[in-house]
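Peer 1: predicted model, plus sequence, below.
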Amino acid sequence: MLGLGEMGKYLAIQVLIFLSLSVLAFHGCRTHHEVIDKRDSKEPFTIEKVISDTLFDSIQKAVLVRITTNTVIKPQWNLAYSQTERIFTSRFALEGDADIAINGGFFDMQKGGSVTYLEVDGKPVTDRFEGQAKGSSSAILDGALVITSGHELEVEYDKGPDYYALSDNERAVLITGPVLLLNGDVIPLPETPFVTDRHPRSAVCIDRNDDVIMFAIDGRRPEAEGMSLNELQAFMKRKGCHDAINLDGGGSTTLWSRKEGILNTPSDPFGERPVANAIFVKVR
């Protein structure tokens, strides 16, 4: 039989155990990871939704689409754009008969059009570089998302408009950034608010199997805090990315599929934001 003192200690321990289990159960209930379209489906891509209140000790919502490249019908990548008006990513995708699309690079919110070098079908669309894009410095926009002449997607450091304009190796080029991963290495980033603050983010990566993964990180909402670029690097590394680059984020972040429509939750109060360009792919 326990004495009063021992009984008090026993009850206190039981209370602590109960509270600890309750906290774990609470977090376990809220943390959620769901694959909503399996690889063995008829489509050569997987849609993955991540909902978590423990990732980076924050509330996060993310959607990933992994496009398989080792298929009989090779994915056909394209870059849609407008220099005169802003257009929804979903409209770019529908007009291009796309299967998957994500918003592209940084653009002029008032005038429309890309603020960085853009090349489509081997011809320069613009060579202008405004030096500022949504609070970032020109040093941040240091990379290129390239669609090669062989219809493959590649991430590299910006080689300059003169190089791309004369090269026949690319079908399309979008200067954006920063480069987040290269050859599996995490690229050091400057300590600026654009990098360290949490925002909605769009990004693309290529993994070791040459599969392409599109990322839409929701943010600026009670159910989604968004990620810093350092957190995005860690998240992409965890998902097997080898080469990765950041796209325009914030209210522009939109990931779309032909069957599901808009997969993420854009942060603007009225939903999808019109943009100047988008990257899309046909897998049929």
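Peer 2: Looks like it arrived, so ask away.

Peer 1: list the buried residues for the host helix or strand of residue 155?
Peer 2: Residue 155 is part of strand 153-157 when elements are defined by DSSP states H and E. For strand 153-157, the neighbour count (16 or more other CB atoms under 10 Å) marks 153-155 as buried. Every residue, glycine included, has its C-beta placed from N, CA and C.

Peer 1: toward the C-terminus, what is the element adjacent to that strand?
Peer 2: Where DSSP H and E defines the elements, the next helix or strand beyond strand 153-157 is helix 161-166.

Peer 1: in its sheet, what does the helix or strand that that following helix is followed by sit against?
Peer 2: Of the helices and strands lying after helix 161-166 in sequence (DSSP H and E), the nearest is strand 170-176. When pairing is defined by DSSP bridges, strand 170-176 lines up against strand 118-120 (antiparallel), strand 143-148 (antiparallel).

Peer 1: just put those strands in a markdown table and tack on mean neighbour count.
Peer 2: Formatted as a markdown table, the strands paired with strand 170-176 follow (neighbours: other CB atoms under 10 Å):
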| stretch | mean neighbour count |
| --- | --- |
| strand 118-120 | 23 |
| strand 143-148 | 22 |
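
Peer 1: could you dump these into JSON lines with mean pLDDT added?
Peer 2: Shown next, in JSON lines, are the strands paired with strand 170-176 (pLDDT from 0 to 100):
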{"stretch": "strand 118-120", "mean pLDDT": "96"}
{"stretch": "strand 143-148", "mean pLDDT": "97"}
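
Peer 1: adding distance to residue 49, write these out as JSON lines.
Peer 2: Below are the strands paired with strand 170-176 laid out as JSON lines (distance: least, CB to CB, whole Å):
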{"stretch": "strand 118-120", "distance to residue 49": "31"}
{"stretch": "strand 143-148", "distance to residue 49": "24"}
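
Peer 1: so where is this protein shaky, pLDDT-wise?
Peer 2: Counting by pLDDT under 70, the chain shows low-confidence ranges at 1-42, 128-138.

Peer 1: could you pull out the strands for the stretch 51-200 of the chain?
Peer 2: Using DSSP state E, counting those that start in this stretch, the strands found in the stretch 51-200 of the chain span residues 60-67, 76-81, 100-103, 118-120, 123-126, 132-133, 136-137, 143-148, 153-157, 170-176, 179-182, 185-186.

Peer 1: which outside residues touch the third one?
Peer 2: Meaning strand 100-103. 45, 65, 67, 89-90, 92-93, 202, 204, 214, 216, 247-248, 252-258, 275, 277-281, 283 (CB atoms under 8 Å, 6 or more residues apart in numbering).

Peer 1: try the fourth one
Peer 2: When contacts are defined by CB under 8 Å, 6+ apart, strand 118-120 is touched by residues 79, 81, 105, 124-126, 164-165, 170-175, 277.

Peer 1: got it, and the first one?
Peer 2: Residues outside strand 60-67 that contact it (CB under 8 Å, 6+ apart): 44-53, 75, 100, 207, 211-218, 221, 223-227, 235, 239, 255, 257, 263-265, 281, 283.

Peer 1: just the buried ones among those residues, please.
Peer 2: Neighbour-count burial (16+ other CB under 10 Å) applied to the contacts of strand 60-67 gives 44-53, 75, 100, 207, 211-218, 224-227, 235, 239, 255, 257, 263-265, 281, 283.

Peer 1: in helices, which of these appear?
Peer 2: residue 235 (DSSP state H).

Peer 1: from the buried ones among the contacts of strand 60-67, which ones fall inside strands?
Peer 2: Among those, DSSP state E puts 45-52, 100, 207, 212-217, 255, 257, 281 in strands.
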